[in-house]
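> Structure for the following, please:
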Amino acid sequence: MEQRSVGCAASTEDNNLPKEERAYARWRAGEKFGEIARNACVAEATAEVYVIDIIASGVGNQDLHRRLIRELKIQDEFFEQVQESLTRSGITLREIRDTTQLSYNQIRGVIAVLINGYEL
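Have a look, this model is predicted:
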């Protein structure tokens, strides 16, 4: 069960946008995942997923892709391990997680930027 922040207050200024787009807009404006999570009343991992999903859909540029990798704390060697793992037929996220010790969100972040042609 996802934990929600006590006393969180969702902003009314951008409530017309879907939650994923709100999170991405805030992240793009410079907010950190923890702050986005508090404002959206969701767990930090959920805020990460919102941004990762938007980037996977083709939004963002190389600078934002680099920022995502940096903020998810993915070192180059692990990025390359995930990239190499994805070339193997039948590989699962769990297998990648077990061999790299990255979180699922970190793996998804790598995949999201690779979809958009990101290279180290």
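> where in this protein is pLDDT low?
Applying pLDDT under 70 to the chain picks out residues 1-14, 120.
> quick one, helices of it?
19-28, 33-40, 44-56, 62-71, 76-85, 93-100, 104-115 (DSSP state H).
> got those as CSV, with mean neighbour count columns?
Quick note: C-beta positions are derived from backbone N, CA and C, even for glycine. Listed next are these as CSV, based on neighbours: other Cβ atoms under 10 Å:
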stretch, mean neighbour count
helix 19-28, 19
helix 33-40, 20
helix 44-56, 21
helix 62-71, 15
helix 76-85, 16
helix 93-100, 14
helix 104-115, 21
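> Now do the same contact list for the residue nearest the centre of the chain.
Relative to the mean C-alpha position of the chain, the nearest C-alpha, by Cα atoms, centre = their mean, is the one of Ile52, at 3.3 Å. When contacts are counted by Cβ atoms under 8 Å, 6 or more residues apart in numbering, Ile52 touches Leu68, Asn105, Arg108, Gly109, Ala112.
> between these, which is nearest Glu44?
Glu44 has its nearest neighbour among the contacts of Ile52 in Asn105, at 9.4 Å by Cβ to Cβ.
> ok, now how distant is the nearest residue to the closest one once chain neighbours are set aside from Thr87?
Distance criterion Cβ to Cβ, 6 or more residues apart in numbering; nearest residue to Asn105, sequence neighbours excluded, is Glu48 at 4.7 Å. Going from Glu48 to Thr87 by Cβ to Cβ, to the nearest Å gives 25 Å.
> again with Gly34
34 Å.
> same check, this time on Glu20
Distance from Glu20 to Thr87, by Cβ to Cβ: 29 Å.
> do the same with Ile36
Taking Cβ to Cβ, one finds Ile36 at 33 Å from Thr87.
> Next: Arg94.
With distances taken as Cβ to Cβ, Arg94 is found 17 Å from Thr87.
> now swap in Gly117 and tell me
16 Å.
> now Ser103
21 Å.
> neighbours around Val59, how many?
The burial count assigned to Val59 is 15, neighbours taken as other Cβ atoms under 10 Å.
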